[in-house]
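Chemist: give me a 3D structure for the following:
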Amino acid sequence: MLQSFDLNGKTIVITGGLGQLGRQFTGALLAHGANVAALDLASGPGEAFDAHADAKHRLLYVRADIADRKSLEQALETITERFGVPFGLVNNAALDAPPGASAAENGPFEDYPLASWNKVMEVNATGAFLACQVFGGAMAKAGRGSIANVSSIYGVVSPDQRIYEYRRKRGEMFFKPVAYSASKSSLLNLTRYLATYWGARGVRVNTCVFGGVFNNQDEAFLEGYNAKVPLGRMAEETEYNGAIVFLMSEASAYMTGAELVMDGGFTAW
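Modeler: Here you go, the predicted model:
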C-alpha cells in the first residue's frame with residue numbers, strides 16, 4: 001500500500017513554490033522521492049530550501065511569471081533539460097488582498113477597484129490556465145500526469161462577512177474582497193473541463209479545496225473564524241501536504257475531475 005504513495009522519479013512543478021504552502025509541498029514531495037521544480041517570481045530561493053540540502057539534486061528553483069506564457073514555456077524547457085517532461089503540476093500560486101491593504105482594496109463591493117480585480121484574476125485564474133496549457137499540455141503529449149488546482153473554501157462558499165464585523169465595529173470599512181473568491185471558484189470548472197478533455201490521454205486533474213491556514217492572525221479574527229470550524233481551529237501549514245502527495249501519486253489513480261475538501265469541516269454547516 002505504501003508503494004502507491006511513492007513518487008520516486010516523478011517530476012512535480014509547484015507554482016508559488018516559495019510561499020507558505022509551496023515550501024511545505026516541496027518538502028513533502030521531496031520526502032516521497034519526487035523531483036521538484038519550484039516556480040516563483042523571487043530572484044532566488046534564499047534560505048527557503050536550506051532544509052533540503054540532502055535532496056538538492058532533486059530540487060530546482062525556476063524564476064517564472066505564471067501570468068506570462070513565454071515565461072512558463074522557458075521554465076518548461078529548463079525543467080525538461082534537468083528532469084525530463086514533468087509528471088505533475090500543483091497550481092498553488094495565488095494572490096489575495098492582505099488584511100492590512102488599503103481601504104480601497106478591502107472596502108465595499110460597490111467600490112472595489114477594477115485594477116484590483118484584474119490583478120487577482122491574472123494570477124489566480126489566468127496563471128493557472130496558462131500553467132495548465134504549458135505544463136499540462138506537455139504531460140498530455142507524454143500520455144500521463146496529474147494536476148492539482150489549489151482552490152479554497154471561499155471558492156465554494158461565500159466569505160462570511162460577519163467574521164470581520166469586529167473591524168467594522170472599531171471604525172474600519174472592511175469586507176473580504178470579491179476577486180479572491182471569484183478566482184478560486186473558476187478553478188473548479190477549469191478542473192472539470194480539463195479532466196474530461198485530457199482523461200483519454202492519461203492526465204488526471206483535481207481540485208483541492210483548502211481552509212484557512214494559521215499565520216499569526218489577530219485574535220479577534222481567529223475567534224470568529226474558528227467558531228465556524230467544527231474542529232475549532234485553522235489548519236497548520238503542514239496539514240495539506242498529504243493531499244498533495246495523494247493527488248500526485250498512484251494512490252489517487254482513479255480520481256479525476258473531483259474536489260478534495262480539507263477544511264476542518266468549515267463547509268459542512
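
Chemist: okay, CA-based contacts and neighbour counts for the rest of this
Modeler: Noted.

Chemist: residues touching the closest residue to A235 other than its chain neighbours, list them.
Modeler: Counting by C-alpha to C-alpha, 6 or more residues apart in numbering, V213 is the residue found nearest to A235 once chain neighbours are left out, at 4.7 Å. For V213, the contacting residues are M234, A235, E236, E237, by C-alpha atoms under 8 Å, 6 or more residues apart in numbering.

Chemist: now, those that are in strands?
Modeler: Of these, none are assigned to strands by DSSP state E.

Chemist: buried only: go through those for me.
Modeler: Buried by 16 or more other C-alpha atoms under 10 Å: M234, A235, E237, out of the contacts of V213.

Chemist: pretty sure S186 sits against G127.
Modeler: No: using C-alpha atoms under 8 Å, S186 is not in contact with G127, being 11.7 Å away.

Chemist: looking at the two now, which is surrounded by more residues?
Modeler: Neighbour comparison, S186 and G127: the larger count goes to G127, with 24 against 19 (by other C-alpha atoms under 10 Å).

Chemist: F210: how many residues sit nearby?
Modeler: 23.

Chemist: what are the bridge partners for it, then?
Modeler: Using DSSP bridges, the bridge partners assigned to F210 are S152, M262.

Chemist: so can I have TSV of the buried ones among the contacts of V213 showing pLDDT and distance to E219?
Modeler: Below are the buried ones among the contacts of V213 laid out as TSV (pLDDT from 0 to 100; distance: C-alpha to C-alpha, whole Å):
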residue	pLDDT	distance to E219
M234	98	12
A235	98	15
E237	97	18
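
Chemist: and which of these is nearest V62?
Modeler: Among the buried ones among the contacts of V213, E237 lies closest to V62 (C-alpha to C-alpha), at 22.8 Å.

Chemist: does that closest one touch N216 like I think?
Modeler: No: counting by C-alpha under 8 Å, E237 does not reach N216; the two are 11.6 Å apart.

Chemist: give me the most central residue, this structure.
Modeler: Closest to where the C-alpha atoms of the chain average out (C-alpha atoms, centre = their mean) is N92, at 2.3 Å.

Chemist: was I right to think that one contacts V13?
Modeler: No: using C-alpha under 8 Å, N92 is not in contact with V13, being 9.8 Å away.

Chemist: which parts of stretch 103-117 are buried?
Modeler: E105, N106, G107, Y112, S116, W117.

Chemist: next SSE downstream of the lowest-mean-pLDDT helix or strand in the chain?
Modeler: Lowest mean confidence among the helices and strands of the chain (mean pLDDT, DSSP states H and E): helix 165-169, at a mean of 94. On the C-terminal side of helix 165-169, the closest following helix or strand by DSSP states H and E is helix 178-198.
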